[in-house]
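# Structure of the sequence below:
(chains A and B)
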2 protein chains.
Amino acid sequence: MNPAWTTIALDAMGGDHGPTVVVPAALKALAESPQLRLILVGDQSTLEAEVARQQAALSDRLLIQHASQIVAMDEAPSQALRGKKDSSMRVAIDLVKRGEANACISAGNTGALMATARFVLKTLPGIDRPAIATVLPTIRGHSYVLDLGANVDSGAENLYQFAMMGSVLAQAVDNIPQPTVGLLNVGQEEIKGNEQVKRAAALLATSGLNYVGFVEGDDIYKGTVDVVVCDGFVGNVALKTSEGVSKMISHYMREEFKRNLLTRIAGLIALPVLRALRARIDPRVYNGASLVGLKGIVIKSHGSADIFSFTHAIREAVREVRKNVPELIADELGRELQERRAV
Amino acid sequence: MNPAWTTIALDAMGGDHGPTVVVPAALKALAESPQLRLILVGDQSTLEAEVARQQAALSDRLLIQHASQIVAMDEAPSQALRGKKDSSMRVAIDLVKRGEANACISAGNTGALMATARFVLKTLPGIDRPAIATVLPTIRGHSYVLDLGANVDSGAENLYQFAMMGSVLAQAVDNIPQPTVGLLNVGQEEIKGNEQVKRAAALLATSGLNYVGFVEGDDIYKGTVDVVVCDGFVGNVALKTSEGVSKMISHYMREEFKRNLLTRIAGLIALPVLRALRARIDPRVYNGASLVGLKGIVIKSHGSADIFSFTHAIREAVREVRKNVPELIADELGRELQERRAV
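Have a look, this model is predicted:
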């Protein structure tokens, strides 16, 4: 690969919409970034047809890598891993493994993506479990949250590793010198967290990270810290719950503005403001979760991502490639381990 | 007590605002419900002064029960339990224990309230741990969610008991004949939940409850089920995260409407609609979480509750008294246990 170029492999068959979203998103991203090269991975003839339908052409910046299989959205990860060695997802990850792509993106089955990426790329030395990290909007800007569902029953050491990886991500991608890190906990005085959280807090307090203490669910959106760390079960529920609240509020807002002629007129007048509001909390802008802790960059796009949304996932991949996030995590981990030994 | 009357003990010193919120809320509730009797528990002279300041008077429907101590919001539950035997919180719970009140309400320290209520009232036979249950708005109406933070590391049997108690609550308070019950889980195909959730699902599937299966975070606000069951750590994070999202959206909305003269005018025109929207998602209307599983009715009001909000907690207590929720839970539990033995 030409080192000045960024090459990204796209699982073009994954997600709810497959090539009809991935191909136009790829064309959009290529138009924006002259140094970008994209490899569409999937069924050759389907992809050629979609490129033609978009009135585009293959080039040295837009290539196709044929893959004969597709991982279904509801397929068991173990089955995908064993039985789908020529899936678009697997071939995209293989391209990263062989150094033919700097990163890959898939909107497919999250479990299969995590299992396959972990099997093919392996975790970084010292990382027990990869995590899923994403950026969420806050009142003050945005924050990283991890893990979002790759791990349940995360132990204290895992939570500590998530904190370290999240901190590196915030540092690298957002140029924050010493990102603040908070551990997600409950506010009930009676219990103040489970054993894992308490032990993770002790680990973090003696680490080199800028650990500020426990945070609660509302702190995620207050932007209290740059990095919120939690077990994958908890993080996944928090993320999905957030989507639910946001959709409920939008639903009620539409209902209220449609109530009668007067409210409809008010809605028309307020439309530019409501659009500006929507743009600020649009989850599509935050599409592209990172599977961190692997020897390679793997980005998960939302399964239902549209073109706009998938383009954001490509941008996220480009940012991580340019900063070389896996190497930074490995470096930081090495430093932390040395410090711990020194203590 | 006259059986036609409902008597509720109010911890008048608890919460961020103490008597300045509890006393006016009590007066408001008394004006609404002619069969209601309220006992203000706390420092006699402070409460007398507050009643006078509200230009009201004590009567056979508004009484004061003196209590010399106050549980601090950040006090350790164990300390409150041992050292504050004459606290307004404890005395209010004692009134329920002695049958002098049908229920009590406190806006004080949740941990202390749970610990004290559990110590004084005891759990219902067959219930290992009480839970905190609340009602949340959904697109389709509202749902019950429990546990919200009384328990971490809930086992399968606990989750099953929460499901049963939530089902009774929905049945009694909302007159739903067979409330649907969902178990909160994660959607990542790789993992599909932790061990406790998987085992709880097996227990629920063979129970007499209307168990419909796993639900995800967004289902809470979609109103997919009448009762959402989860561990207290997860439930607490989900609840606080929801508050955070909702506040962030309000914050952005205010910012967008204040951007310039035109947006301000649009905001004025849209104001009635925005107010109607706010009323529908106003968390104050949902104030009053139930500590279920105890031999008595204990309602937790939000610590920062205002008068409007605290009045809603009183209404919730009245509903539960009229339906005799603890007895219904005990009955249901007896039936379930018999069925299980019969299997």
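# the helices in chain A, which residues?
Secondary structure of chain A (DSSP state H): helices at A:19-32, A:44-53, A:77-83, A:88-97, A:110-121, A:156-174, A:195-205, A:217-222, A:232-257, A:261-281, A:307-323, A:325-342.
# would a markdown table of these with mean neighbour count, mean pLDDT and distance to chain B be doable?
No exception for glycine: its C-beta is placed from N, CA and C like everyone else's. Formatted as a markdown table, these follow (neighbours: other C-beta atoms under 10 Å in any protein chain shown; pLDDT from 0 to 100; distance: least, C-beta to the nearest C-beta, whole Å):
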| stretch | mean neighbour count | mean pLDDT | distance to chain B |
| --- | --- | --- | --- |
| helix A:19-32 | 21 | 96 | 20 |
| helix A:44-53 | 16 | 96 | 24 |
| helix A:77-83 | 16 | 91 | 5 |
| helix A:88-97 | 25 | 97 | 13 |
| helix A:110-121 | 24 | 94 | 3 |
| helix A:156-174 | 24 | 93 | 13 |
| helix A:195-205 | 18 | 91 | 8 |
| helix A:217-222 | 24 | 94 | 3 |
| helix A:232-257 | 23 | 91 | 3 |
| helix A:261-281 | 16 | 87 | 4 |
| helix A:307-323 | 22 | 94 | 17 |
| helix A:325-342 | 15 | 81 | 21 |
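# can I get those in TSV with distance to B:Glu195?
TSV is the format used below for the helices of chain A (distance: least, C-beta to C-beta, whole Å):
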stretch	distance to B:Glu195
helix A:19-32	37
helix A:44-53	41
helix A:77-83	18
helix A:88-97	28
helix A:110-121	17
helix A:156-174	16
helix A:195-205	14
helix A:217-222	24
helix A:232-257	11
helix A:261-281	35
helix A:307-323	33
helix A:325-342	29
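# and B:Gln35, which of the ones you listed is closest to it?
Checking the helices of chain A against B:Gln35 by C-beta to C-beta gives helix A:232-257 as the closest, at 34.2 Å.
# counting contacts, what elements does that closest one pack onto?
Packed against helix A:232-257 by the contact rule (3 or more C-beta pairs under 8 Å, 6 or more residues apart in numbering or on different chains; DSSP states H and E) you find strand A:131-138, strand A:141-146, strand A:180-184, helix A:217-222, helix A:261-281, helix B:217-222, helix B:232-257, helix B:261-281.
# Could you dump those into TSV with distance to B:Ala330 added?
What follows is the helices and strands packed on helix A:232-257, written out as TSV (distance: least, C-beta to C-beta, whole Å):
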stretch	distance to B:Ala330
strand A:131-138	43
strand A:141-146	41
strand A:180-184	36
helix A:217-222	33
helix A:261-281	45
helix B:217-222	28
helix B:232-257	22
helix B:261-281	35
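# what's the closest of these to A:Val318?
With C-beta to C-beta as the criterion, A:Val318 lies closest to strand A:131-138 of those, at 14.5 Å.
# next one: that closest one to chain centre, how far?
Distance of strand A:131-138 from the chain centroid (C-alpha atoms, centre = their mean, to the nearest Å) equals 7 Å.
# Direction included, what does that strand pair against?
strand A:141-146 (antiparallel), strand A:289-292 (antiparallel) (DSSP bridges).
# Just want the angle from it to helix A:261-281.
Orientation check (axes from the mean of the first three to the mean of the last three C-alpha atoms, to 10 degrees): strand A:131-138 against helix A:261-281 gives 130 degrees.
# Now the spatially most central residue of chain A. Nearest residue, chain neighbours left out?
Closest residue to the average C-alpha location of chain A: A:Ala289 at 0.3 Å, with C-alpha atoms, centre = their mean. Excluding its sequence neighbours, the residue lying closest to A:Ala289 (C-beta to C-beta, 6 or more residues apart in numbering or on different chains) is A:Thr134, at 4.1 Å.
# can you tell me how far that neighbour sits from A:Ile329?
From A:Thr134 across to A:Ile329, the span is 16 Å (C-beta to C-beta, to the nearest Å).
# these two touch, right, A:Asn210 and A:Pro177?
No: the criterion here is C-beta atoms under 8 Å, and A:Asn210 misses it with A:Pro177 at 9.1 Å.
# ok so, going back, quick one, which of the strands paired with strand A:131-138 is nearest to B:Phe308?
strand A:141-146 (32.3 Å).
# Quick one: distance of the closest one to the chain centre.
Strand A:141-146 has its C-alpha centroid displaced from the chain centroid by 11 Å (C-alpha atoms, centre = their mean).
# before we move on, what about stretch A:180-197?
On C-alpha atoms, centre = their mean, the centre of stretch A:180-197 falls 24 Å from that of its chain.
# measure that stretch end to end?
From its first residue to its last, stretch A:180-197 covers 17 Å (C-alpha to C-alpha, to the nearest Å).
# domain ranges for chain A?
Chain A breaks down into these domains under automatic domain parsing: A:1-127+A:293-324, A:129-285.
# Which among those domains is found nearest to B:Gly155?
So among the domains of chain A, domain A:129-285 is nearest, using C-beta to C-beta, at 12.6 Å.
# How far does that closest one stretch from one end to the other?
End-to-end distance for domain A:129-285, by C-alpha to C-alpha: 27 Å.
# ok so, going back, for B:Phe214, which of the helices of chain A is the nearest?
Among these, the nearest to B:Phe214 by C-beta to C-beta is helix A:232-257 (11.6 Å).
# what's the offset of that closest one from the middle of its chain?
In this view, helix A:232-257 has its centroid 19 Å away from the chain centroid, taken as C-alpha atoms, centre = their mean.
# Present the domains of chain A as a markdown table; the columns should include distance to B:Asp306.
Output for those, formatted as a markdown table (distance: least, C-beta to C-beta, whole Å):
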| stretch | distance to B:Asp306 |
| --- | --- |
| domain A:1-127+A:293-324 | 39 |
| domain A:129-285 | 18 |
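# Out of the ones you listed, which is closest to B:Ile127?
For B:Ile127, the closest of the domains of chain A is domain A:129-285, at 16.8 Å, according to C-beta to C-beta.
# How far off centre is that closest one?
Counting by C-alpha atoms, centre = their mean, domain A:129-285 is centred 13 Å from the centre of its parent chain.
# same deal with stretch A:317-327?
13 Å.
# Name the residues that touch it?
Around stretch A:317-327, the neighbours that count as contacts under C-beta atoms under 8 Å, 6 or more residues apart in numbering or on different chains are A:6, A:8, A:33, A:36, A:102-105, A:124, A:168-169, A:172-173, A:288, A:290, A:292, A:294-297, A:299.
# Could you pull up the residues touching A:Arg118?
Residues in contact with A:Arg118 (C-beta under 8 Å, 6+ apart) are A:130, A:294.
# now do A:Val181
A:163, A:166-167, A:204, A:209-212, A:225-227, A:229.
# mind running it again at 10 Å?
Residues counted as contacts of A:Val181 (C-beta atoms under 10 Å, 6 or more residues apart in numbering or on different chains) are A:144, A:160, A:162-164, A:166-167, A:170, A:204, A:207, A:209-213, A:215, A:225-229.
# can I get the CA coordinates of stretch A:241-252 in PDB?
Backbone C-alpha positions of stretch A:241-252 (Å, rounded to 0.1, in the frame of the first residue of the first chain) are rendered in PDB as follows:
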ATOM      1  CA  THR A 241     -32.600   3.200  26.300                       C
ATOM      2  CA  SER A 242     -31.200   6.500  25.000                       C
ATOM      3  CA  GLU A 243     -32.400   5.700  21.500                       C
ATOM      4  CA  GLY A 244     -35.800   4.800  23.000                       C
ATOM      5  CA  VAL A 245     -36.200   8.100  24.900                       C
ATOM      6  CA  SER A 246     -35.100  10.100  22.000                       C
ATOM      7  CA  LYS A 247     -37.600   8.400  19.700                       C
ATOM      8  CA  MET A 248     -40.400   8.800  22.200                       C
ATOM      9  CA  ILE A 249     -39.800  12.500  22.500                       C
ATOM     10  CA  SER A 250     -39.700  12.900  18.600                       C
ATOM     11  CA  HIS A 251     -42.900  10.800  18.400                       C
ATOM     12  CA  TYR A 252     -44.700  13.000  21.000                       C
END
